[in-house]
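>>> Here you go, sequence then predicted model.
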Amino acid sequence: MASSPKLFEISQQDDIVIVTAMRDLSEFVYEALESEAADVLALLKGEHCRSVVFDLSPTDYCGSTALGLFLKLWKQTRANNGKMAFCGLSANEHEVFATMKLDSLWPLCDTLDEALDAVRG
């Protein structure tokens, strides 16, 4: 049985974890989402990471499981006195974030550079 492609590409820039979604984050990928989220949480619980930037540009959709993940990571980010930002949201994702009022919690940026600046400043 072939393994599914990874959901996230995870990198680090200074004390910022950059999480790039590699495909849509639907409810059908729950187990993979939870597993890969644990990798991001482990980085945030370390002493070298404080903030998170999510790059959703390769995606068009994120479901409620992904939204729950974002909130879980935000909780850890806040405990680190860090910040969280998103970039590259599709029109669908912008609508979901606005409807859920998540755009009042996190900066929604057009580019990765803008999101990195948002968590640094």
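Nice, I can see it. Numbering: from 1, shown residues only.
>>> Just give the closest residue to residue 81, not the sequence neighbours.
residue 50 (6.5 Å; C-beta to C-beta, 6 or more residues apart in numbering). Every C-beta, even on glycine, is put in place using the N, C-alpha and C of the backbone.
>>> How many residues are close by that neighbour?
Applying other C-beta atoms under 10 Å, we find 19 residues neighbouring residue 50.
>>> With residue 10 instead?
By other C-beta under 10 Å, neighbour count at residue 10 equals 13.
>>> which SS state does it fall under?
At residue 10 the chain is in strand, as set by DSSP: H, G, I helix; E, B strand; the rest coil.
>>> What distance do you get for residue 83 to residue 113?
15 Å (C-beta to C-beta, to the nearest Å).
>>> Those two: who's more crowded?
residue 83 (20 against 11).
>>> which secondary structure element contains the closest residue to the more buried one other than its chain neighbours?
In this structure, residue 83 finds its nearest non-sequential neighbour in residue 119, 4.1 Å apart by C-beta to C-beta, 6+ apart. If you go by DSSP states H and E, residue 119 is part of helix 112-120.
>>> Does anything pack onto that helix? Which helices or strands?
The helices and strands touching helix 112-120, judged by 3 or more C-beta pairs under 8 Å, 6 or more residues apart in numbering; DSSP states H and E, are strand 16-21, strand 51-55, strand 84-87.
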